[in-house]
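S.K.: This is a predicted model, with the sequence first.
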Amino acid sequence: MSRTGVRLLIVILALTAVAGASAPIAAARPGAQDDRPVVQQVGTYTRLIQPDFSAVAPLAEAVDGQTLGLGTFDDLDGEFILVGGTPYRVGTDGTPREVATSRTSPWVQAVTFRAETSVEVPPGMTCAELASYIPMVAGTTTGIVAVRVRGTFSDLVTRSVPAQARPFPTLATVVANQVVFPLGSRRAVLVGFMQGDGMQGTGQPGLHLHGVTADRTAGGHVLSCVAGSDVQLSVQRTSGVEVHGH
């Protein structure tokens, strides 16, 4: 529960998917039993679009006790990545560094990841194509699906953005001035979320991935990738979102 005293609880139950079809999702009351985890979140994506990049809560509100996640920092000061419970920040130098969860954020998502399904990714599949592949693997196009993709990528490109000053520019303007890191062929782990249309405003629509290389020397927000011969995709459907601060 949020220590800021401002909380929004949205719980969604995903019903069993029929093979080859999307699973229906229904609203459920807070406290309803579900084996799937709840996504812990600071802020909302709507605030970033406004644009408002000022912090609403410490990362710890969503991140502590979780194992997989992504987000950003106060004033968009770098990319946040949570891999195996370890939090990283990637700034405009492109280097992942462990970061204290006492740092503040306008938006972050995290979850305790336990893969429901894992499959091999066809060699040559791009990150853009993963956006269509993941719903088939997860058996749903709705709600929020936590995603982990790891292995060797023949063409991995990431980015970060510098801290922004008030009055904030639009998010599109920030992205137009991003710092791009062409990483080439690297072993890496990419983590994030696939969000259906019903979650608009909560997080970034569609597939959103951040990542770090296996040797932890590079990373950031994933712009593109091409799967090598050993890439594995793992997915986990979630039961809803608990938003801390908004």
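M.R.: Structure received.
S.K.: what about the residue most central in space within the chain, distance to G84?
M.R.: When Cα atoms, centre = their mean is applied to the chain, the residue found nearest the centroid is G192 (3.0 Å). Computed as Cβ to Cβ, to the nearest Å, the G192 to G84 distance reads 14 Å. For every residue, glycine as well, the C-beta is placed using N, CA and C.
S.K.: just G71 next, same as before
M.R.: From G71 across to G84, the span is 16 Å (Cβ to Cβ).
S.K.: any idea which element the closest residue to the residue nearest to the centre of the chain other than its chain neighbours lies in?
M.R.: Leaving out its chain neighbours, the residue that sits closest to G192 by Cβ to Cβ, 6 or more residues apart in numbering is L209, at 3.9 Å. Per DSSP states H and E: L209 is located in strand 206-213.
S.K.: Please name every helix or strand in contact with that strand.
M.R.: strand 68-72, strand 79-83, strand 86-90, helix 127-138, strand 144-160, strand 179-195, strand 219-224 (3 or more Cβ pairs under 8 Å, 6 or more residues apart in numbering; DSSP states H and E).
S.K.: One more pass at 6 Å, please.
M.R.: Identification of packing neighbours for strand 206-213 by 3 or more Cβ pairs under 6 Å, 6 or more residues apart in numbering; DSSP states H and E yields strand 79-83, strand 179-195, strand 219-224.
S.K.: which secondary element of the protein has the worst mean pLDDT?
M.R.: Ranked by mean pLDDT, DSSP states H and E, the helix or strand of the chain with the weakest confidence is strand 25-27, at a mean of 28.
S.K.: Give me the contacts around stretch 59-66.
M.R.: Residues outside stretch 59-66 that contact it (Cβ atoms under 6 Å, 6 or more residues apart in numbering): 2, 40-42, 82, 101, 103, 105, 108, 110-112, 244.
S.K.: Which pair in the residues you listed has the greatest spatial separation?
M.R.: R103 and T112 (20.7 Å; Cβ to Cβ).
S.K.: Given whichever strand or helix holds R97, what are its sheet partners and their directions?
M.R.: If you go by DSSP H and E, R97 is part of strand 96-98. When sheet partners are counted by DSSP bridges, strand 96-98 sits next to strand 86-90 (antiparallel).
S.K.: what's the angle between the strand it pairs with and strand 179-195?
M.R.: In terms of direction (axes from the mean of the first three to the mean of the last three Cα atoms, to 10 degrees), strand 86-90 departs from strand 179-195 by 140 degrees.
S.K.: for strand 86-90, which positions count as buried?
M.R.: P87, Y88, R89, V90 (16 or more other Cβ atoms under 10 Å).
S.K.: give the contact list for the second one.
M.R.: Each residue near Y88 by Cβ under 6 Å, 6+ apart is listed here: I81, P96, V212.
S.K.: Kindly report the same for the third one.
M.R.: Neighbour list for R89: G78, R97, V99 [criterion: Cβ under 6 Å, 6+ apart].
S.K.: Write the ChimeraX selection for whichever of the residues you listed are buried.
M.R.: Those of those that count as buried under 16+ other Cβ under 10 Å are selected in ChimeraX with:
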select :78,99
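S.K.: got a markdown table for the contacts of R89, with pLDDT and distance to M199 too?
M.R.: Output for these, formatted as a markdown table (pLDDT from 0 to 100; distance: Cβ to Cβ, whole Å):
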| residue | pLDDT | distance to M199 |
| --- | --- | --- |
| G78 | 98 | 25 |
| R97 | 98 | 30 |
| V99 | 98 | 26 |
